[in-house]
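Enquirer: Give me the fold of what follows.
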Amino acid sequence: MLKVAILPVGQVDVDALRFIQHGLREVFRRAEVTLVDTVMPIPREAYNSSRRQHHSTHILAKVSNYARSVEAEHVLGVTEADLYVPTLNFVFGEAQRPGRVAIVSLFRLKPEFYGEPSNNQLFHERALKESVHEIGHTLGLGHCQNPLCIMFFSNSIRDTDRKRAEFCEKCCRSVQKFLEKN
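Expert: Sure thing, here's the model as predicted:
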């Protein structure tokens, strides 16, 4: 059985965390998904003042430290901070592939970021999609060429909105194989 712990990194919208928790249980049937009571502070050294963003790889390493104290195979850090890696303008998330830990940023998933009216349903759907995507990476999946598959690389919010919150047939078989082995 897949066990995932959701770790808030900094102050995070509790409703979004609960939606992600419920959604992960639906996508990964029979998964045990828990919310960690502890809030991991956002590491100050991850902040890049010239970019006004946080380096996701640095935060991912800190989430990995927290993962040692959590009784779950996988830990998903969720943050409101805007994340980046040096080769990209931003990232919605990052994960060890394969591995135990992943991080998702809610910052650019909010419609308000794009000058649109607040829409909690859309925001929560985006948060779930990116969470499933990053957990998929921890299960060893790479990016998929199918633009509707959850494992398709989201280069923009339009990519996230277009894809479904589920794996294509090929990626689903890979997830099942991984879960059967572990």
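Enquirer: Mean confidence (pLDDT) on the lengthiest helix in the chain, please.
Expert: Counting residues, the longest helix found in the chain (DSSP state H) is helix 120-138. On average, the pLDDT along helix 120-138 is 98.
Enquirer: got the buried residues for the strand or helix carrying Arg173?
Expert: If you go by DSSP states H and E, Arg173 is part of helix 169-181. Buried residues in helix 169-181, defined by neighbour count with 16 or more other Cβ atoms under 10 Å: 171, 174-175, 178. For every residue, glycine as well, the C-beta is placed using N, CA and C.
Enquirer: repeat for stretch 90-103
Expert: Buried, per 16+ other Cβ under 10 Å, within stretch 90-103: 91-96, 99-103.
Enquirer: go on, stretch 149-160?
Expert: 149-152, 154, 157, 160.
Enquirer: Please report how far the residue of the chain most remote from its centre lies from Cys172.
Expert: Distance from the C-alpha centroid of the chain peaks at Ser50, with 24.9 Å (Cα atoms, centre = their mean). To Cys172, Ser50 is 41 Å away according to Cβ to Cβ, to the nearest Å.
Enquirer: just so I have it, where are all the strands in this protein?
Expert: For the chain, the strands defined by DSSP state E cover 3-9, 32-35, 47-48, 53-55, 74-79, 83-84, 93-95, 101-105.
Enquirer: Given the fourth one, what are its sheet partners and their directions?
Expert: Its sheet considered, strand 53-55 pairs with strand 47-48 (antiparallel), strand 83-84 (parallel) by DSSP bridges.
Enquirer: any chance of the ones you listed in CSV, plus mean neighbour count?
Expert: CSV is the format used below for these (neighbours: other Cβ atoms under 10 Å):
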stretch, mean neighbour count
strand 47-48, 14
strand 83-84, 24
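Enquirer: Save the ones you listed as TSV, and put in mean pLDDT and distance to Ser56 too.
Expert: Below are those laid out as TSV (pLDDT from 0 to 100; distance: least, Cβ to Cβ, whole Å):
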stretch	mean pLDDT	distance to Ser56
strand 47-48	98	11
strand 83-84	98	4
